[in-house]
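Participant: Got a sequence here, can you model it:
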Amino acid sequence: MATRIPTTVITGFLGAGKTSLIRHLVENNNGKRLAFLINEFGDLGIDRELLLGCGVEGCDEDDVVELANGCICCTVADDFTPALEALLDRDTPPDHILIETSGLALPKPLVAAFNWPEIRNRVTVDGVITVVDASAVADGRFAPDPDAVQAMREADPALDHDDPIEELFVDQLQCADVVVLNKSDLLEASAMDALNVNITPHLRSGVRLLPAAHGRLDASALLGLGLAAESNVDARKSHHDDEEHDHDDFDSFAVELGDVADSDLLEQRLVQLVATHDILRVKGFLNRPGRDRREVIQGVGPRFQRYFDRDWRADEPRRSQLVIIGMTGLDRHAITVALGAA
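Facilitator: Numbers count the residues shown, from 1 in each chain. The predicted model follows:
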């Protein structure tokens, strides 16, 4: 049997820094031929475009495959397996495959899919990397002990007893082989120590916690683990082991803005909207009149970042587009009007 191609599954909640981590791995891949499967939750291929905009040799159009037909863990047979087979059937197959799941994906069903007869002898899960927004978790945005929180909620009939975000966060931790505590540069040492203490009970034995800033980690710490994660998938517990997984609790929509003369003002409006609506994540591209380069804007909660990633190509329309992701029931009309896009 030919050597199976290693595949790394990179999971993590919305805005944790998965794409930044992948871009860093691309820049420091030590000459390996990499291929990528990018799973989007939203109407625009933002994450694929962010990766292609890195300008690094070895990150080409044909090497980055986007799966936009829903969550990857829900479309294994229809989308994931055929896309993976297409990469494996190339005349020159990749040395390593990176899969970036959407922020709402359960990693366990995806890992289990590597046992499917069509692919199990050709590819293996080198490891599962879960990226965590250390600053957000330290701020209590996701409860470090979901069981305790759930017990308190059930004891109080006035509280909502169902929080899919917390369950999803813990599921991603429980499936991990390595947990990257991204944005750790925003925390003091004492806060990092407390974060480690709170996260560790949700990890399987031997799982490493690695602090990082902007996804910058030595590739050798994440690639070449050789763990064959699909062989012990049953040991990776999940809140959703006995139920069908769906994303009815989440919603997303795209907004077309036109030219953006003042991106500072746009960011201020977005921060205000995050404060008044159930918005979890904002990402997109801006066309700035008089600028040759495309501006990226990304937000997680009230924290936003902007930067110019590449020149606009002559064959593409210069458009300003955002994807808004949040809890079901988002007031699309109010958000669109507030952004001046109605």
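Participant: What is the neighbour count of L181?
Facilitator: Using other CB atoms under 10 Å, the number of residues around L181 comes to 24. Yep, even glycine has a C-beta here, placed from its N, CA and C like the rest.
Participant: The helix or strand that contains it: which residues count as buried?
Facilitator: Remark: L181 resides in strand 178-182, with elements defined by DSSP states H and E. For strand 178-182, burial by neighbour count (16 or more other CB atoms under 10 Å) applies to 178-182.
Participant: Tabulate those residues in a markdown table, adding columns for pLDDT and distance to S263.
Facilitator: Shown next, in a markdown table, are the buried residues of strand 178-182 (pLDDT from 0 to 100; distance: CB to CB, whole Å):
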| residue | pLDDT | distance to S263 |
| --- | --- | --- |
| V178 | 95 | 35 |
| V179 | 96 | 33 |
| V180 | 96 | 29 |
| L181 | 96 | 30 |
| N182 | 94 | 24 |
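Participant: who does the following helix or strand past the strand holding L181 touch, helix- and strand-wise?
Facilitator: Remark: after strand 178-182, the chain's next helix or strand is helix 189-199, criterion DSSP H and E. Applying 3 or more CB pairs under 8 Å, 6 or more residues apart in numbering; DSSP states H and E, we find helix 189-199 packed against helix 134-138, strand 178-182, strand 208-211.
Participant: Which of the ones you listed sits closest to F169?
Facilitator: Of all these, helix 134-138 sits nearest to F169, with 8.0 Å by CB to CB.
Participant: residues in contact with the one helix or strand E85 maps to?
Facilitator: E85 is part of helix 81-88 when elements are defined by DSSP H and E. Residues from elsewhere that reach helix 81-88 (CB atoms under 8 Å, 6 or more residues apart in numbering): 5, 7, 35, 37, 65, 67, 93-94, 97, 113, 116, 118-119, 122-123.
Participant: And the next helix or strand past it?
Facilitator: Downstream of helix 81-88, the next assigned helix or strand under DSSP H and E is strand 96-100.
Participant: Please identify the pairing partners of that next one and their relative orientation?
Facilitator: Paired neighbours of strand 96-100 in the sheet (DSSP bridges): strand 5-12 (parallel), strand 34-39 (parallel).
Participant: For this protein, name the helix or strand with the lowest mean pLDDT.
Facilitator: Ranking every helix and strand in the chain by mean pLDDT, DSSP states H and E puts helix 146-155 at the bottom, with a mean of 47.
Participant: where exactly do the helices run in the protein?
Facilitator: For the chain, the helices defined by DSSP state H cover 18-27, 46-52, 81-88, 107-113, 134-138, 146-155, 164-174, 189-199, 263-276, 332-338.
Participant: List the buried residues of the fourth one.
Facilitator: It stands for helix 107-113. The neighbour-count check on helix 107-113 (16+ other CB under 10 Å) flags 107-113 as buried.
Participant: Just send those back as a markdown table, with distance to L210 too.
Facilitator: Shown next, in a markdown table, are the buried residues of helix 107-113 (distance: CB to CB, whole Å):
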| residue | distance to L210 |
| --- | --- |
| P107 | 17 |
| K108 | 21 |
| P109 | 25 |
| L110 | 21 |
| V111 | 20 |
| A112 | 25 |
| A113 | 26 |
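Participant: rewinding a little: next, the angle from the strand holding L181 to strand 5-12.
Facilitator: 40 degrees (axes from the mean of the first three to the mean of the last three CA atoms, to 10 degrees).
Participant: Neighbours of the nearest residue to H202 once chain neighbours are set aside, how many?
Facilitator: In space, and not counting its chain neighbours, H202 is closest to L173: 4.4 Å by CB to CB, 6 or more residues apart in numbering. Applying other CB under 10 Å, we find 21 other residues in the vicinity of L173.
Participant: what about stretch 279-298, average pLDDT?
Facilitator: Mean per-residue pLDDT for stretch 279-298: 88.
Participant: measure that stretch end to end?
Facilitator: This stretch, stretch 279-298, spans 13 Å end to end (CA to CA, to the nearest Å).
Participant: mind giving me the domain split of this structure?
Facilitator: Structural domains annotated on the chain: 5-235, 250-338, as defined by automatic domain parsing.
Participant: out of those, deepest packed?
Facilitator: Comparing the domains of the chain by mean neighbour count (mean count of other CB atoms under 10 Å), domain 5-235 ranks first with a mean of 18.
Participant: ranking the domains of the chain by mean pLDDT, which is last?
Facilitator: Between the domains of the chain, the one with the least mean pLDDT is domain 5-235; it has a mean of 77.
Participant: Span of that one from start to end?
Facilitator: From start residue to end residue, domain 5-235 stretches across 23 Å - CA to CA.
Participant: so how far is that domain from its chain's centroid?
Facilitator: What separates the centre of domain 5-235 from the centre of its chain is 6 Å, taken as CA atoms, centre = their mean, to the nearest Å.
Participant: List the residues that contact the spatially most central residue of the chain.
Facilitator: Geometric centre of the chain, nearest residue: G103, 4.2 Å, by CA atoms, centre = their mean. For G103, the contacting residues are 12-16, 18, 41, 281, 325, by CB under 8 Å, 6+ apart.
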